[in-house]
Every structure is written in structure tokens, then in C-alpha cells.
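Novice: Let's see this in three dimensions:
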Amino acid sequence: MTLQECYAALGGDYADVMARLRSERLVQKFVLKFADDPSYALLRQSLADGNGDEAFRAAHTIKGMCANLGFSALLASDSELTEILRAGQTPDETLLARVEADYTRTVDAVRAFAAAQAQ
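Specialist: Prediction:
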């Protein structure tokens with residue numbers, strides 16, 4: 001799997017991230033780190049604990065990573081979640097399921113890419 005194929009699998013914008021970062025090696029470095037970032041686990045735990053402030057910080061961190069890396073699909077759903085949390089509201093289950101699906105799709109593609117690079 002190439003980096004461009006990884007972006008296609010995760011619903012990302014490869015051309016956008018390459019235009020911004022201009023180095024496939026640099027993009028690859030940060031893409032591979034994404035799956036190990038603790039922000040999503042923190043988001044889920046904070047939501048389960050009812051800690052809206054911490055959930056907002058975690059969602060906002062994910063949003064920033066997705067914007068920088070061109071992870072368009074996850075960026076869209078997580079941005080919506082971030083704004084709901086910013087307003088102090090509780091997100092509905094439909095949105096949380098969409099964020100989880102987009103996150104899983106992203107991490108699965110990143111891990112498949114990492115496995116291909118290890119071969």
C-alpha cells in the first residue's frame with residue numbers, strides 16, 4: 001500500500017497534505033504516529049465520565065491533527081463533535097457512532113499502511 005492508497009482508504013486529501021507539507025517522507029512520519037496518539041481514547045473516556053471540558057480538548061486535538069494531515073472524513077465528523085462540545089452540549093449517539101466509524105476507518109488504513117511499509 002502506498003501513502004496515496006492509504007489516503008484513499010481513509011477518506012483523506014492526499015493532494016492537499018502534499019501541497020502543504022511538500023514531503024511524502026514527512027507526511028508518512030506523522031501519518032504513522034496518528035494510530036498511537038492517545039487523544040481518541042481520552043475522548044471516549046472523557047465522554048463516559050461526563051467530563052465535557054476534557055472531551056472537548058481531546059476532540060479539538062483530533063480535529064487539529066486531521067486538519068494538518070488532510071484526514072477529511074474524520075475531520076468532518078470530529079469538527080461537528082468539537083463544536084457541540086465547545087457549546088457545552090451533549091453529542092447524540094448518531095454523531096458519536098459516525099466519529100467512531102471515521103476514526104476506525106482512519107486507524108485501520110494507517111495500520112495497513114504501516115504493515116505494508118514493514119514488509
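
Novice: How far does stretch 44-56 sit from its chain's centre?
Specialist: Centre-to-centre, stretch 44-56 and its host chain are 17 Å apart (C-alpha atoms, centre = their mean, to the nearest Å).

Novice: Apologies, that question was intended for stretch 89-107.
Specialist: Its chain's C-alpha centre and that of stretch 89-107 lie 11 Å apart, by C-alpha atoms, centre = their mean.

Novice: Contacts made by that stretch with the rest, please.
Specialist: 9-12, 34-35, 40, 47, 52, 62, 71, 73-74, 76-78, 80-81, 84-85 (C-beta atoms under 8 Å, 6 or more residues apart in numbering). Every C-beta, even on glycine, is put in place using the N, C-alpha and C of the backbone.

Novice: just the helices in this protein please.
Specialist: 3-10, 14-21, 24-34, 39-49, 52-69, 72-86, 93-118 (DSSP state H).

Novice: Quick check: PyMOL command selecting the buried ones in the contacts of stretch 89-107.
Specialist: In PyMOL, this line selects whichever of those come out buried by 16 or more other C-beta atoms under 10 Å:
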select buried, resi 9+10+11+12+34+40+47+52+62+71+73+74+77+78+80+81+84+85
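
Novice: Residue 3: how many residues sit nearby?
Specialist: Counted by other C-beta atoms under 10 Å, the residues lying close to residue 3 total 20.
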